[in-house]
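[1] build the 3D model from these lines:
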Amino acid sequence: MDVIFLDNGLIGRGEHSYSLLKRTGSSLAGRGLRFRTFGAKSMAPSVAAELGAEPHFNFTLYSKQSRRLLSRIARLEWEPVRSAERATWQILNRSFERDLDALPADVWCAGNLVVIPGLSQNELFGLIRFLLAKPEARRPRVICQLMFPPTWTSWGLPARLGKEFYRKSFALAQPLIGKTLFFMTENAALGRLYQTEFGVDAKILPVPFGDAPPAASSRDAPTFGFFGYSKRDKGFHLLPRAIENCRKAGIAANFTIQLQHSGWEPETVAAEEALRKVSGVRLIEGVLDEDAYIEETSQIDVMLLPYDPALFGMRGSGIFTQSVAAGRPLVASAGTFAAASIEAGQAEGEIFSPYDAGNLSAAILRVASRFPESRSRAMKLAPEFARKHSADAYVDVLLAHAPR
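    Purely as a prediction, here's the structure:
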């Protein structure tokens, strides 16, 4: 049996996919299992060389398409936002289906296990059409990680047609589900969403980021950190005012913020400019490779996860997983999975609501006021959480669905 990873989100070292595949590849190799990886054609050559991955998919998980005005008029698509959603869904699904067909023939053997670590409405329909076209005897078992809620788009606005697109895909997939096609989610909250909305029974496949080094040792002045993509849906735009509020309140704390964006969100650009003017903020610019990320985050006492509940929702987060596994308290927005985990006693930290900079700063001040106690509780929760989110735990779930 070969384990085949198909991941059009595998582009560079800054993406979720890189860390996931690096860890799971090591676990599979340690068990003597063969695996192959196919990523995006735009994948960095150094990543392809390091992971032994083959560039293959024409569009990435984060691609967007739109139609010209005359084309929209011909299709009676008057609203540009809906038109772009539909164009993205149609074009990317067709391309994904063609890309699957162009894979080496030995990928599509009944004895293999095919894993798609992340896909959206823009790949799912094409995948199912492709699988249904295969003779049943030649279908491998396929595991699909439903990474996003139906409201997700790659351009940071809530999807208006997402539920419609997922509903079409799941209806088409009925002959495959539970036989050769298995759906997974990173956490139970996202799984409940798919069960409630679409009647899809998705099992939990926890992301394998639990091998994080312990959080920074306790200091008089804790360091708060924000890492990952600088985007509105991750609350980056709230940081300048929140930190300024904390400074005015006399907080004894440091702030380390990663700047990583391509300049396409005006709010993000404005927030970066504002952060450069705030005293006592250390900025880290650009993408961090895994070693640099570990080195930087190991100096963080409390992780800021001010994710927008309307845009980010119950999605999982590698930064959340690594922080909890390291014994690091969190500051999270209500209505997100991080906040739900704090409420359930599975993570430690403070929750803020409503969603604005003033309430974020108040939550930061609450953690700072009780930091020794908060850190102690976070450290007690870490070992069990880390065990459940190891690469071996991830691979165990995969192999439980392997052909017998």
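[2] quick one: Thr321 is in a helix?
    Yes - per DSSP: H, G, I helix; E, B strand; the rest coil, Thr321 lies within a helix segment.
[3] number of residues surrounding it?
    25 (other Cβ atoms under 10 Å). For every residue, glycine as well, the C-beta is placed using N, CA and C.
[4] for it, give its distance to Ala173.
    If you measure Thr321 against Ala173 using Cβ to Cβ, to the nearest Å, the figure is 28 Å.
[5] quick one, domains of this structure?
    2-208+390-400, 223-388 (automatic domain parsing).
[6] quick one, which of these gets closest to Pro214.
    domain 223-388 (5.7 Å; Cβ to Cβ).
[7] all the strands of the stretch 151-300 of the chain, residue numbers only.
    181-185, 203-204, 223-226, 254-259, 281-285 (DSSP state E, counting those that start in this stretch).
[8] mind putting the ones you listed in JSON lines, distance to His401 included?
    As requested, those are arranged in JSON lines below (distance: least, Cβ to Cβ, whole Å):
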{"stretch": "strand 181-185", "distance to His401": "5"}
{"stretch": "strand 203-204", "distance to His401": "8"}
{"stretch": "strand 223-226", "distance to His401": "36"}
{"stretch": "strand 254-259", "distance to His401": "36"}
{"stretch": "strand 281-285", "distance to His401": "39"}
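[9] now these in TSV, with mean neighbour count?
    Listed next are the strands of the stretch 151-300 of the chain as TSV, based on neighbours: other Cβ atoms under 10 Å:
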stretch	mean neighbour count
strand 181-185	23
strand 203-204	14
strand 223-226	22
strand 254-259	21
strand 281-285	14
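[10] Ala402: neighbour count?
    Count around Ala402 with other Cβ under 10 Å applied: 15.
[11] likewise Ala40?
    Ala40, neighbours per other Cβ under 10 Å, totals 27.
[12] is it bridged to anything, and to what?
    Phe57 (DSSP bridges).
[13] gap between it and Leu10?
    6 Å.
[14] repeat for Ser376
    For Ser376 relative to Leu10 (Cβ to Cβ), the value is 38 Å.
[15] of the two, give the one with the bigger neighbour count.
    Neighbour totals were compared for Ser376 and Leu10, and Leu10 leads with 31 against 13 (other Cβ under 10 Å).
[16] which helices and strands sit right next to the strand or helix carrying Ser19?
    Ser19 is part of helix 16-30 when elements are defined by DSSP states H and E. With contacts taken as 3 or more Cβ pairs under 8 Å, 6 or more residues apart in numbering; DSSP states H and E, helix 16-30 sits against strand 2-6, strand 34-40, helix 45-51, strand 113-119, helix 290-297, helix 318-326, helix 391-400.
[17] list the buried residues of the longest one.
    Within helix 391-400, the residues scored as buried using 16 or more other Cβ atoms under 10 Å are 391-395, 397-398.
[18] same check, this time on the fifth one
    Of the residues in helix 290-297, 293, 296-297 count as buried by neighbour count, 16+ other Cβ under 10 Å.
[19] now swap in the second one and tell me
    Buried residues in strand 34-40, defined by neighbour count with 16+ other Cβ under 10 Å: 35-40.
[20] in CSV, list the residues you listed along with distance to Pro403 and pLDDT.
    Below are those laid out as CSV (distance: Cβ to Cβ, whole Å; pLDDT from 0 to 100):
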residue, distance to Pro403, pLDDT
Phe35, 15, 96
Arg36, 16, 97
Thr37, 19, 98
Phe38, 20, 98
Gly39, 24, 97
Ala40, 27, 97
